[in-house]
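Enquirer: structure, please.
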Amino acid sequence: MMQIVSTLPTSQRILPLLPFPPSSFHFSFPFNFIPSSSSSSTIHFRTNVTATQGNVVVVHNEKETGIGIGRGFIDIGYLSNVHGLQGEICVKPTTDFPQLRFSTPGTRWLRQNVLGEETIQEVELEQGRHHPAHNNWILKFKGIDTVDQAKMLTGSTLLVTEDERPELEEGEFYTHDLVGMKVFLKESGELVGTVIGVFNSGANDLLQISLDSSFGILDKSGRSRSEEVEASGQLVLVPFVEAIVPDVDTKRREMHITPPKGLLEINLRFDERSKKERRQLEWKERKKFQKRLIAAKKKLGEIEQQHVFHGLRYGEKEQRSLLSEQIVGVNTKLLQEALQGLQQSTKRWNAAELVSASEAKLISSMQISSKYSLHGNGDNILQEKGLKLMSEGKMAIVLLLNEKENQGCICDPDIVENEATDTLLLPLQKLLSDHGNFVKDEDREVVPLILVSSAQQIESLRKLFTNNNNFAFDSEKVWFLEEEKLPVVSNLPEGQNKYKILMKSPWEILESPVGSGGFISLFSKHSIADNLINLGVEYVEICSPSERVAGGNSLLLGLVDSREANVGVQISPSVADPEKSFDMIFSMDFLKKLLKQSNKLQFDAIPKSNSFVEKIDKDWVTVTSSIPNSYELSCSIYSSLNACLLEKVCVVRE
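Expert: Below you'll find the model as predicted:
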């Protein structure tokens, strides 16, 4: 679902509407349920329809019907399940105008897919009310008065006609109006390409532009492309903000852009292979994906999670593809370890346990004054030792920008938008630019940096680094990783050992971030440890950046190296929650051991209230609860201490 982006001085707003090209349909008599209304009419068409792009259908009738010639439809919601005994039905909104769409009586339309054939039928909305606890709406249609009648509508898509779109204010656009526009460089008038899609990146909308074959763009290395290399069809993303897209002419169907230097070249590589070679490669990739999907389904079947596959039998191609991608993306090994760990009782390490252990002389520790600067230029032997190791490229830094740990320290949505960079990452930009509180500029070239963030932030992070010359880091030594997630599972009664994966929709697994301990799995998945070893790295610092913790803790590094420890931890009594603001250093030897013994990690089952769907008989039913009804699987970085001997742990306490 595309969402409305708030109007800001430097941003334009996009409202959801995706186009369908005109198509012709074959009609036959309707066979599905029709509400008892004399004014209702039904269009029935077969599945060989060619209009399959987006969520709007433009119907060109072969003969006049009750709907009219050339009318288009807009998807506004999904009828999920029955509510009560009076024929009411719940709808999950896919619109930015729920009050208008669901509380105003009048004509609506239903799209259903029954036995491989699709129908669109008219219904009359009598009333609707919001259900805030379940984040959906409860609707009553004319002629639908019983549970059985309402059940026949579940799984349908609720539509309104295209001519019912709300009027937009100046500076607002529907995606329907943007897709297909020609894009020109404002300064030279050169044709860049055509807008083929609009995506929301969290901070602002992105225009997906297919380059024109005549456009003289450079490749990623800065070289001009050869005449033999085809530019047509290459895709680039451009932020839809006024600073970059100052002119949009909806009447002429064109826009003018002023992209910063290098923006169009980011991540763009021209493919010099022939079309035949590219098709062969695409075919191989599809076959490879199918093998991965089969393997993933087998693993999920082994742990009795076959219900996840139900959605593959329903829905449109895009929905089934989404579910397939998610099934392949489930880390079944980590999921099994997490679920098995819930049954075991092991010691749960945390900051308080470390303090107690250090006071009992079970681990090596040193006390420093709270006024002592960990990143200053004090004449401290350990600190100088740590600085020397960093200058030699012996330590890599991992910044965890995870949802569970970050607490908004790096991503503050209240910051006013800035034209130069992604507004949600301004605090991170400040941190990396603060020379007194981070790795010195002259050392950054040799220090590898790994950033772990949510999927929504990855591209923004890449752009932030590109626009700031990688903050003096070597671009070949910077990794951007998407945080590890695991499915949310059912909260079953005591005595049962089976945890059922929950579904957010028939085509989407309900997931939550694993937490700081998830970086271990990421290192294994992306072979990060092997790359660091090849670079000569001996230590890895993992921290959740905040005002107090910035990375590059030379004192802690010096202490770990001098004591020949495997793990070093910085603890401050001023930190309210050390689980979410931490600074730890692992030796590379210990990290390699941990990658082989990931079952040592301790997972917690966090009780949460989550709305989910499940298939009961032939119906998809939404399940909600005001009390915890599910477990979110979480792993703290402190659980890694289960794999380390106490004498190999050292602590710095303020």
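Enquirer: quick check: longest strand of this protein.
Expert: strand 117-131 (DSSP state E).
Enquirer: could you list every helix and strand in contact with it?
Expert: strand 42-45, helix 98-103, strand 106-114, strand 136-141 (3 or more C-beta pairs under 8 Å, 6 or more residues apart in numbering; DSSP states H and E). For the C-beta atoms, the positions are set from N, CA and C on the backbone; glycine is no exception.
Enquirer: buried ones in it?
Expert: E118, T119, I120, Q121, E122, V123, E124, L125, G128 (16 or more other C-beta atoms under 10 Å).
Enquirer: follow-up on the earlier one: make JSON lines from the helices and strands packed on strand 117-131 and add mean pLDDT to it.
Expert: Listed next are the helices and strands packed on strand 117-131 as JSON lines, based on pLDDT from 0 to 100:
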{"stretch": "strand 42-45", "mean pLDDT": "34"}
{"stretch": "helix 98-103", "mean pLDDT": "90"}
{"stretch": "strand 106-114", "mean pLDDT": "85"}
{"stretch": "strand 136-141", "mean pLDDT": "92"}
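Enquirer: make JSON lines from the ones you listed and add distance to S454 and mean neighbour count to it.
Expert: What follows is those, written out as JSON lines (distance: least, C-beta to C-beta, whole Å; neighbours: other C-beta atoms under 10 Å):
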{"stretch": "strand 42-45", "distance to S454": "40", "mean neighbour count": "21"}
{"stretch": "helix 98-103", "distance to S454": "26", "mean neighbour count": "17"}
{"stretch": "strand 106-114", "distance to S454": "33", "mean neighbour count": "18"}
{"stretch": "strand 136-141", "distance to S454": "25", "mean neighbour count": "22"}
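Enquirer: now distance to G551 too, for the ones you listed, in JSON lines please.
Expert: Listed next are the helices and strands packed on strand 117-131 as JSON lines, based on distance: least, C-beta to C-beta, whole Å:
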{"stretch": "strand 42-45", "distance to G551": "59"}
{"stretch": "helix 98-103", "distance to G551": "43"}
{"stretch": "strand 106-114", "distance to G551": "52"}
{"stretch": "strand 136-141", "distance to G551": "43"}
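Enquirer: so in this protein, where's the weakest helix or strand by average pLDDT?
Expert: Lowest by mean pLDDT, DSSP states H and E among the helices and strands of the chain is strand 59-60, with a mean of 27.
Enquirer: mind giving me the domain split of the protein?
Expert: Listed domain ranges for the chain are 73-164, 172-215+233-265, 329-404+422-653 (source: the TED database).
Enquirer: now the first one, how far from the chain's geometric center?
Expert: Here domain 73-164 is found 28 Å from its chain centre; the criterion is C-alpha atoms, centre = their mean, to the nearest Å.
Enquirer: and if you look at the longest one?
Expert: Taking C-alpha atoms, centre = their mean, one finds domain 329-404+422-653 lying 18 Å from the centre of the chain it belongs to.
Enquirer: and the second one, by the same measure?
Expert: Mean-position distance between domain 172-215+233-265 and its chain equals 23 Å (C-alpha atoms, centre = their mean).
Enquirer: start to end distance for it?
Expert: Domain 172-215+233-265 stretches 28 Å from its first residue to its last (C-alpha to C-alpha, to the nearest Å).
Enquirer: the last one now?
Expert: With C-alpha to C-alpha as the measure, the ends of domain 329-404+422-653 fall 40 Å from one another.
Enquirer: which elements pack onto the longest helix seen in the chain?
Expert: Criterion DSSP state H: the longest helix present in the chain is helix 275-302. Counting contacts by 3+ C-beta pairs under 8 Å, 6+ apart, helix 275-302 packs against helix 317-329, helix 332-341.
Enquirer: tilt between that helix and helix 317-329?
Expert: 60 degrees (axes from the mean of the first three to the mean of the last three C-alpha atoms, to 10 degrees).
Enquirer: the strand or helix carrying G386 packs against which elements?
Expert: G386 is part of helix 381-391, with elements assigned from DSSP states H and E. In this structure, helix 381-391 makes packing contacts with helix 441-444, helix 554-562, judged by 3+ C-beta pairs under 8 Å, 6+ apart.
Enquirer: again, only using 7 Å
Expert: With contacts taken as 3 or more C-beta pairs under 7 Å, 6 or more residues apart in numbering; DSSP states H and E, helix 381-391 sits against helix 554-562.
Enquirer: list the buried ones in the helix it packs on?
Expert: S554, L555, L556, L557, G558, L559, V560, D561.
Enquirer: which residue is the nearest non-sequential neighbour of the second one?
Expert: Nearest non-adjacent residue to L555, counting by C-beta to C-beta, 6 or more residues apart in numbering: Q383, 4.6 Å away.
Enquirer: neighbours around that neighbour, how many?
Expert: Neighbour count of Q383, defined by other C-beta atoms under 10 Å: 23.
Enquirer: that one reaches L557, doesn't it?
Expert: No - with contact defined as C-beta atoms under 7 Å, Q383 and L557 do not form a contacting pair (8.7 Å).
Enquirer: before we move on, the earlier item: how about the CA coordinates for the helix holding G386, as PDB?
Expert: What follows is helix 381-391, C-alpha atoms only, in PDB (Å, rounded to 0.1, in the frame of the first residue of the first chain):
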ATOM      1  CA  ILE A 381      48.900   3.100  27.800                       C
ATOM      2  CA  LEU A 382      45.800   0.900  27.100                       C
ATOM      3  CA  GLN A 383      44.200   3.600  25.100                       C
ATOM      4  CA  GLU A 384      47.300   4.200  23.000                       C
ATOM      5  CA  LYS A 385      47.600   0.500  22.400                       C
ATOM      6  CA  GLY A 386      44.000   0.400  21.100                       C
ATOM      7  CA  LEU A 387      44.600   3.400  18.900                       C
ATOM      8  CA  LYS A 388      47.600   1.700  17.400                       C
ATOM      9  CA  LEU A 389      45.700  -1.400  16.700                       C
ATOM     10  CA  MET A 390      43.000   0.600  14.900                       C
ATOM     11  CA  SER A 391      45.500   2.500  12.800                       C
END
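Enquirer: what's the mean pLDDT across it?
Expert: For helix 381-391, mean pLDDT rounds to 91.
Enquirer: cool, and stretch 466-478?
Expert: Averaged over stretch 466-478, pLDDT sits at 87.
Enquirer: quick check: buried residues in that stretch?
Expert: Of all the residues in stretch 466-478, those buried under the rule 16+ other C-beta under 10 Å are T466, N467, N470, F471, A472, F473, K477, V478.
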